[in-house]
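**Student:** Just to be clear, the model below is a prediction. Sequence and coordinates:
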Amino acid sequence: MATGVYNQAIGAFQSNSHINNFNHQHKFNCIGRLVVTKDFFSSYGLSKRDLRVSKCIEYQTSVVDSVSSPSRSKTSDRDTHKKSNEAALILVRHGESLWNEKNLFTGCVDVPLSKKGIDEAIEAGKRISSIPVDLIFTSALIRAQMTAMLAMTQHRHMKVPIIMHNESEQAREWSQVFCKDTNTKEHSIPVIAAWQLNERMYGELQGLNKQETAQRYGKEQVHEWRRSYNIPPPNGESLEMCAERAVAYFRDQIEPQLLSGKNVMVSAHGNSLRSIIMYLEKLTSQEVISLELSTGIPMLYICKEGRFIRRGSPVAPTEAGVYAYTRRLALYRQRLDDMLQ
Ligand SMILES: O=C(O)[C@@H](CO)OP(=O)(O)O
């Protein structure tokens with residue numbers, strides 16, 4: 001039952017019935033609901049307009065700090081500062097590729113987006129257009145990079161993504177486009193491409209049609225190759241092997257950025273992201289079997305005090321609820337609105 005419904009399930013910020021569709025043991029932290037009070041907004045300096053928009057916002061009690069309205073005292077400033085260890089993490093699987101369209105095993109073959117994939121990437125961008133992004137990680141494959149770039153064309157901040165070359169000392173130096181005398185840094189978002197985030201290597205299955213392969217080897221065998229944790233396809237990587245590099249990279253390179261308060265977007269692939277989600281949500285090797293990710297659907301997590309809290313998938317740029325999840329997001333939204341007025 002859970003197969004194939006993951007994104008729909010997490011796509012609903014505000015519907016517990018959708019959430020129940022995803023039925024693994026690691027439960028969602030979103031049982032409690034609370035209507036945001038007027039005081040909450042005024043205490044964070046939000047405008048009347050925000051208040052109107054947010055009249056019926058509901059949010060999840062487990063993430064939002066106290067709903068009582070802290071005065072703008074030194075203590076609350078200190079609190080706000082302390083809360084800067086909250087950060088947004090957006091994970092997005094690339095939009096549909098030309099080989100997804102043809103139902104071919106793709107793995108580490110570099111295949112561009114289909115027309116539908118381009119539309120999905122743009123749509124993903126709209127959905128996250130008001131969520132802060134300070135840093136982007138993509139795989140080394142074009143479909144993930146195209147998805148990230150297309151998504152950022154929709155971002156309200158209109159910052160320019162700039163690829164940081166990390167392969168050598170010289171490359172690092174040469175990709176420092178920031179000029180001290182200008183504020184280019186403020187107007188750009190560094191993009192880091194890492195092979196560790198690539199799709200898992202599908203070995204001898206790469207290029208074969210999925211349906212024909214199932215007819216040839218049997219549905220169960222092919223499902224095992226595709227979704228099991230530790231059974232690799234012939235001469236390819238199992239999810240476990242993929243996790244060894246993808247999760248290690250996440251822990252070494254991405255998590256420290258989140259812990260320092262940077263908001264990060266990761267544009268990668270079905271299986272490299274499944275392994276990362278397995279890590280974030282502490283899924284077992286049994287639970288991960290039913291974890292399916294749709295193309296081009298962004299998923300939001302809040303990283304807070306070293307914990308990752310799933311916040312589902314923003315459904316529209318007007319999805320105001322997300323900004324109430326943390327004080328930082330509420331203030332960010334406020335600044336963004338002020339800037340664009
Ligand atoms: O072909 C692939 O590389 C992957 C992702 O598209 O397929 P699967 O869903 O079978 O893991």
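**Tutor:** Okay, I see it.
**Student:** Tell me who's in contact with Lys262.
**Tutor:** Ala87, Asp134, Leu135 (Cβ atoms under 8 Å, 6 or more residues apart in numbering). Heads up, the C-betas are built off the backbone N, CA and C, glycines and all.
**Student:** who does the first one bridge with?
**Tutor:** Assessed by DSSP bridges, Ala87 has beta-bridge partners Cys303.
**Student:** that older thread, who wins on neighbours among the contacts of Lys262?
**Tutor:** Neighbour counts for those (other Cβ atoms under 10 Å) peak at Ala87, which has 23 neighbours.
**Student:** still on that earlier bit, keep the contacts of Lys262, but drop any that are not near the ligand.
**Tutor:** On the criterion Cβ under 6 Å from any ligand atom, none of the entries of the contacts of Lys262 sits beside the ligand.
**Student:** Between those residues, which sits nearest the ligand?
**Tutor:** The ligand has its nearest neighbour among the contacts of Lys262 in Leu135, at 24.9 Å by Cβ to the nearest ligand atom.
**Student:** what's the spacing between that closest one and Asn230?
**Tutor:** 32 Å (Cβ to Cβ, to the nearest Å).
**Student:** For Lys82, report the pLDDT, please.
**Tutor:** Note for Lys82: predicted pLDDT of 44.
**Student:** After the helix or strand where Met241 lies, which helix or strand is next?
**Tutor:** According to DSSP states H and E, Met241 maps onto helix 239-249. Tracing the chain C-terminally past helix 239-249 and defining elements by DSSP H and E, one meets helix 255-259 next.
**Student:** Packing partners of that next one?
**Tutor:** Applying 3 or more Cβ pairs under 8 Å, 6 or more residues apart in numbering; DSSP states H and E, we find helix 255-259 packed against strand 86-93, strand 298-304.
**Student:** Check the average confidence over the helix holding Met241, would you?
**Tutor:** Mean pLDDT, computed over helix 239-249, is 98.
**Student:** Please name the nearest non-neighbouring residue to the closest residue to the ligand within the stretch 101-250 of the chain.
**Tutor:** Proximity of the stretch 101-250 of the chain to the ligand (Cβ to the nearest ligand atom) peaks at Thr106, 3.6 Å away. Of all residues not flanking Thr106 in the chain, Trp99 sits nearest, at 4.4 Å (Cβ to Cβ, 6 or more residues apart in numbering).
**Student:** quick one on the thing from earlier: pipe the helices and strands packed on helix 255-259 into CSV and attach mean pLDDT per row.
**Tutor:** Formatted as CSV, those follow (pLDDT from 0 to 100):
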stretch, mean pLDDT
strand 86-93, 96
strand 298-304, 95
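**Student:** From the opening residue of stretch 232-250 to its closing one, how far?
**Tutor:** With Cα to Cα, to the nearest Å as the measure, stretch 232-250 spans 22 Å from end to end.
**Student:** and that stretch, which residues are buried?
**Tutor:** 232-233, 236-240, 242-243, 245-247, 249-250 (16 or more other Cβ atoms under 10 Å).
**Student:** Just give me the closest of these to Ile289.
**Tutor:** Leu239 (9.1 Å; Cβ to Cβ).
**Student:** Contacts only, for the residue found closest to the closest one once you drop the neighbours it is linked to in the chain.
**Tutor:** In space, and not counting its chain neighbours, Leu239 is closest to Tyr229: 5.0 Å by Cβ to Cβ, 6+ apart. By Cβ under 8 Å, 6+ apart, the contact set of Tyr229 is Ser238, Leu239, Glu240, Ser285, Gln286, Val288, Ile289.
**Student:** Save those residues as a markdown table, and put in distance to the ligand too.
**Tutor:** Formatted as a markdown table, those follow (distance: Cβ to the nearest ligand atom, whole Å):
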| residue | distance to the ligand |
| --- | --- |
| Ser238 | 11 |
| Leu239 | 9 |
| Glu240 | 14 |
| Ser285 | 16 |
| Gln286 | 18 |
| Val288 | 12 |
| Ile289 | 12 |
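**Student:** what residues does the chain put near the ligand?
**Tutor:** Counting by Cβ under 6 Å from any ligand atom, the chain sits next to the ligand at Asn100, Phe105, Thr106, Gly107, Glu199, Tyr202, Arg226, Gly270, Asn271.
**Student:** just to revisit the earlier point, can you tell me which of the helices and strands packed on helix 255-259 is packed in deepest?
**Tutor:** strand 86-93 (a mean of 25; mean count of other Cβ atoms under 10 Å).
**Student:** Can you give the contact residues for the helix or strand just after that strand?
**Tutor:** Going down the chain from strand 86-93, the next helix or strand is helix 98-101, by DSSP H and E. Contacts to helix 98-101, defined as Cβ under 8 Å, 6+ apart, come from residues Phe105, Thr106, Val109, Val111, Pro112, Leu113, Ser114, Lys116, Gly117, Thr295.
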